[in-house]
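1. take a look and give me a structure for this.
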Amino acid sequence: MASANKQAQPKPPSAHDWRTTDTDEIAKRRQRAREESFAITNLTPAHPIFSNFRVKSGSGLTYSVEVRDLAARQFACDCVDFRINGLGVCKHIEAVLLQLQARHRNLFKAARTAGSTRIEVFVDRANDVLRIASGHGELPRAVGKWFAADGRLTGQPETVVDALRQLRDTSFPQIRLSQEIEPWLENRRRAAERQQLRHEFELKVQSGEWPAQETLAPLFPYQREGMLHLAFTERALLADEMGLGKTIQAIAACALLHRLGKARRALIVTPASLKTEWEEQIRKFSTLHYQIVFGGKKRRLQAYASAGSSHGETQTESPADAHAGSTEIFFTIVNYEQMVADALDVNERLAPDIVVLDEAQRIKNWSTKTAQAVKRLRSRYAFVLTGTPIENRIDELHSLMDFLNPAVLGPLFRFNRDFYQLDERGRPNACCNLDVLHQRIKPFMLRRRKTEVETELPPRTDRNHFVPLSESQRQEYSAHEQQVMRLVSIAMRRPLTQQEQDKLQRELAMMRMICDTNYILDPDDRTCPKLAEIGKLLDECGRNDAKVIIFSEWEKMLQLVRDLCDQNDIGCAWHTGSVPQQRRRAEINAFKDAPRCRVFLSTDAGATGLNLQCASVVINCDLPWNPARLEQRIARAWRKNQRKPVTVINLISENTIEHRMLETLAMKQSVATSVLDKPATVGRPCSNGYSNSSVRPATCAPLPPPSMPR
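-> Presented below is the predicted three-dimensional model:
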């Protein structure tokens with residue numbers, strides 16, 4: 001029998017083929033149920049088939065499975081996959097069915113025809129109501145009086161569920177209330193509570209009983225709107241453009257929930273380089289106490305436990321860098337790398353009410369250890385902060401929403417079907433239905449552009465300076481370009497192997513490095529035409545008394561610029577991943593405060609979160625692959641409270657991959673704008689051979705060429 005079932009399974013798609021059907025996906029889960037180990041316990045043995053089962057997986061996690069109807073395949077499981085996949089099954093349900101077939105073969109076969117003898121009360125998710133179904137025929141009057149002829153509930157769900165629970169315990173033991181009812185009722189309660197809390201908050205503000213904002217400094221109107229969006233959406237995405245103050249809006253929302261009695265502990269997860277930036281903002285705008293978590297595992301665990309148990313107690317010794325004199329630690333500030341090891345410990349010891357993800361594009365790739373660890377964090381409230389929800393691909397947005405509410409965009413396989421066009425090999429070559437995607441995320445996302453809310457923002461000028469390659473650069477560049485062309489030619493005929501894909505990425509990266517200088521790959525060749533251009537620009541900035549931020553993806557390029565600064569007696573600050581976290585603040589302050597320190601040299605470690613409005617010139621030695629990261633760099637200077645016009649200078653090697661990247665950046669910006677801003681007016685027809693009359697041109701945008709990483 002097992003062999004026959006195995007032969008009936010559809011052939012799974014290849015690693016490069018994203019095309020799957022629901023039948024394929026169900027088969028995958030059935031196969032996992034066969035291959036993995038599960039410990040299954042019937043929680044009500046009096047009902048051998050139509051019962052509730054505890055399923056312990058090989059990972060040690062335990063789930064609850066409900067079997068209601070075999071013929072109609074009505075089941076329930078409390079795992080995330082069942083909740084979002086739209087298939088009606090998961091591997092835990094399939095494991096239960098396999099065991100029932102093996103242990104109760106004849107009974108299982110009869111049950112498929114006869115159905116359940118219980119009175120089943122369950123959630124009809126399609127219509128968002130409760131329904132009832134009876135295996136006894138006509139419902140007893142005491143039970144049926146709350147339901148219409150089609151089985152739909154007509155009374156108040158909370159009241160009826162309580163009454164049914166009493167009837168089950170006294171007169172009708174055959175009543176079974178689905179395990180999905182309580183979570184459904186809880187979501188209703190929370191939605192009603194949010195609405196009521198917002199109403200009460202506005203009344204108290206109007207009466208003067210409460211302040212209109214929760215910060216020591218006044219908020220701009222759009223920032224107050226952001227505070228309310230975060231606090232009363234409960235799990236929300238704040239996607240304002242860089243420089244509009246997402247940090248202060250999140251601090252204000254946390255403080256508001258603290259005032260409302262809904263939060264006692266908030267966890268801030270941020271890039272390591274921004275931990276002290278959060279400290280500065282919390283001290284500036286809030287009176288709530290905080291700690292920054294540093295150190296080894298033992299010290300970190302002590303910090304989580306201390307904050308988790310400090311309420312109502314006096315803290316005698318700070319386990320981390322806690323705010324002096326605190327008796328209650330509200331904010332705990334950690335970095336993403338710490339959460340890879342500590343996520344489950346944070347749930348247990350700190351038990352945060354709010355989790356804030358700053359620069360949340362760090363979890364854009366769902367398969368990374370960082371993303372998987374962060375998604376294990378548990379809290380009622382969750383705030384995702386990022387000015388760049390989409391950097392390269394729209395499925396990065398899927399990963400962010402997966403943290404907030406996996407049900408909004410569903411599983412990745414369904415997302416791919418809905419919003420990508422796939423070629424004949426099942427590989428994505430265009431985005432589609434972006435207006436639908438925009439509407440799906442709209443209730444959770446608040447996004448404002450600088451041009452909409454910052455009417456006093458100074459002008460910004462963007463200039464591209466084209467620099468020719470040296471002869472030695474041209475020779476090295478040509479060798480790597482030939483390798484890329486060979487691999488792209490292969491990719492046009494067949495999918496690349498993983499080894500070939502990795503080589504393609506390496507060759508492209510080396511072409512970009514050589515566009516800066518051979519020195520990145522060859523320590524004996526310091527030839528760098530861009531350096532001469534930077535020297536001219538620094539002379540000009542010095543005459544105008546302008547401070548300059550210089551970005552490069554590669555530290556060796558910055559080393560050459562630092563040597564240039566030293567030769568010309570120009571003070572500079574150094575901000576790269578090699579600088580210890582607690583040293584970075586000193587470098588930042590030197591650039592802000594010391595008149596002689598005129599240049600801030602940074603890799604993309606400094607491209608997010610920093611406030612460097614003292615600078616009025618941004619020089620990009622090289623272009624990043626996506627426009628969002630480019631804007632992040634620029635937003636260090638061109639942001640709120642900037643008083644001077646900002647000049648952005650991109651150094652581009654002529655007739656190279658950098659030259660072609662300008663078009664790629666524009667294309668990616670078009671896709672991101674279509675999803676995040678105005679999909680009805682932004683976008684362009686697909687130009688890759690697809691004809692789909694059901695997709696309007698404004699909802700479809702092409703992906704970058706296959707020779708460019710996405």
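2. any regions of the stretch 51-200 of the chain where pLDDT drops low?
-> Filtered on pLDDT under 70, the stretch 51-200 of the chain yields the residue ranges 136.
3. now do the stretch 301-450 of the chain
-> For the stretch 301-450 of the chain, the stretches flagged by pLDDT under 70 are 310-327.
4. show me where the stretch 601-710 of the chain has its strands.
-> For the stretch 601-710 of the chain, applying DSSP state E, counting those that start in this stretch gives strands covering 615-620, 646-653, 701-702.
5. of all those strands, which lies closest to P411?
-> P411 lies closest to strand 701-702 among the strands of the stretch 601-710 of the chain, at 22.9 Å (Cβ to Cβ). C-beta coordinates here come from the backbone N, C-alpha and C atoms, glycine included.
6. before we move on, the earlier item: adding mean neighbour count, write the strands of the stretch 601-710 of the chain out as JSON lines.
-> Formatted as JSON lines, the strands of the stretch 601-710 of the chain follow (neighbours: other Cβ atoms under 10 Å):
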{"stretch": "strand 615-620", "mean neighbour count": "23"}
{"stretch": "strand 646-653", "mean neighbour count": "22"}
{"stretch": "strand 701-702", "mean neighbour count": "22"}
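7. wait, a strand at I550?
-> Yes: with DSSP: H, G, I helix; E, B strand; the rest coil as the criterion, I550 is part of a strand.
8. what sits against it?
-> I534, L558, V561, V599, F600, L601, S602, V618, I619, C621 (Cβ atoms under 8 Å, 6 or more residues apart in numbering).
9. residues touching the first one, list them.
-> Right, the one you point to is I534. I550, V561, L564, I619, C621, L651.
10. isn't A111 right up against S51?
-> No: applying Cβ atoms under 8 Å, one finds A111 not in contact with S51, separated by 10.8 Å.
11. how is the chain carved up into domains?
-> Split into domains by automatic domain parsing, the chain comes to 1-115, 117-193, 204-408+444-449, 460-667.
12. now those in a markdown table, with distance to P428?
-> Converted to a markdown table, the domains of the chain look like this (distance: least, Cβ to Cβ, whole Å):
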| stretch | distance to P428 |
| --- | --- |
| domain 1-115 | 6 |
| domain 117-193 | 29 |
| domain 204-408+444-449 | 8 |
| domain 460-667 | 13 |
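13. hey, which of those is tucked in deepest?
-> The highest mean neighbour count among those, using mean count of other Cβ atoms under 10 Å, belongs to domain 204-408+444-449: a mean of 20.
14. ends of that one, how far apart?
-> 31 Å (Cα to Cα, to the nearest Å).
15. distance between it and the chain's centre?
-> With Cα atoms, centre = their mean, to the nearest Å as the basis, domain 204-408+444-449 stands 14 Å off its chain's centre.
16. cool, and stretch 519-529?
-> 38 Å.
17. enumerate every residue touching the residue most central in space within the chain.
-> The centroid of the chain falls nearest to L400 when counting by Cα atoms, centre = their mean (2.1 Å). When the contact criterion is Cβ under 8 Å, 6+ apart, the partners of L400 are L237, A360, Q361, I363, K364, V384, T386, P389.
18. repeat that with 10 Å
-> Shown in contact with L400 (Cβ atoms under 10 Å, 6 or more residues apart in numbering): 237, 239, 357, 360-361, 363-364, 366, 371, 384, 386, 389-390, 409, 441, 444-445.
19. checking it next. Helix, strand or coil?
-> What three-state DSSP gives for L400 is helix.
20. still on that earlier bit, tell me which of the contacts of I550 is nearest to K640?
-> The nearest member of the contacts of I550 to K640, counting by Cβ to Cβ, is V618 at 16.0 Å.
21. using CSV, write out every CA atom in stretch 145-164.
-> Presented in CSV, the C-alpha positions along stretch 145-164 are these (Å, rounded to 0.1, in the frame of the first residue of the first chain):
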residue,chain,number,x,y,z
LYS,A,145,-31.2,27.5,19.0
TRP,A,146,-28.1,29.6,18.4
PHE,A,147,-27.5,28.4,14.9
ALA,A,148,-29.3,29.1,11.5
ALA,A,149,-30.5,26.3,9.3
ASP,A,150,-27.2,26.3,7.3
GLY,A,151,-25.3,25.8,10.6
ARG,A,152,-24.1,29.4,10.9
LEU,A,153,-23.9,31.0,14.4
THR,A,154,-26.5,33.7,14.9
GLY,A,155,-25.7,34.8,18.5
GLN,A,156,-22.7,36.5,20.1
PRO,A,157,-19.8,34.1,19.8
GLU,A,158,-18.3,34.6,23.3
THR,A,159,-21.7,34.1,24.9
VAL,A,160,-22.6,31.0,22.8
VAL,A,161,-19.3,29.3,23.3
ASP,A,162,-19.6,29.6,27.1
ALA,A,163,-23.1,28.2,27.0
LEU,A,164,-22.0,25.3,24.7
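22. what's that stretch in contact with?
-> Stretch 145-164 has contacts (Cβ under 10 Å, 6+ apart) with 119-124, 127, 129-134, 139, 142-144, 172, 175-177, 181-182, 184-185, 188-189.
23. narrow the residues you listed to those in strands?
-> Among these, DSSP state E puts 119-124, 129-134, 175-177 in strands.
24. now the strands for the stretch 51-200 of the chain?
-> Using DSSP E, counting those that start in this stretch, strands in the stretch 51-200 of the chain cover 52-57, 62-69, 74-77, 119-124, 129-134, 175-177.
25. okay, which residue of the chain is out on the far edge from center?
-> Within the chain, R141 marks the point farthest from the mean C-alpha position, 49.7 Å out by Cα atoms, centre = their mean.
26. and that one, how far is that from L237?
-> Going from R141 to L237 by Cβ to Cβ, to the nearest Å gives 49 Å.
27. the top helix by length along the chain: how far from the chain's middle?
-> Counting residues, the longest helix in the chain under DSSP state H turns out to be helix 181-207. In terms of Cα atoms, centre = their mean, the gap separating the centre of helix 181-207 from the centre of its chain is 26 Å.
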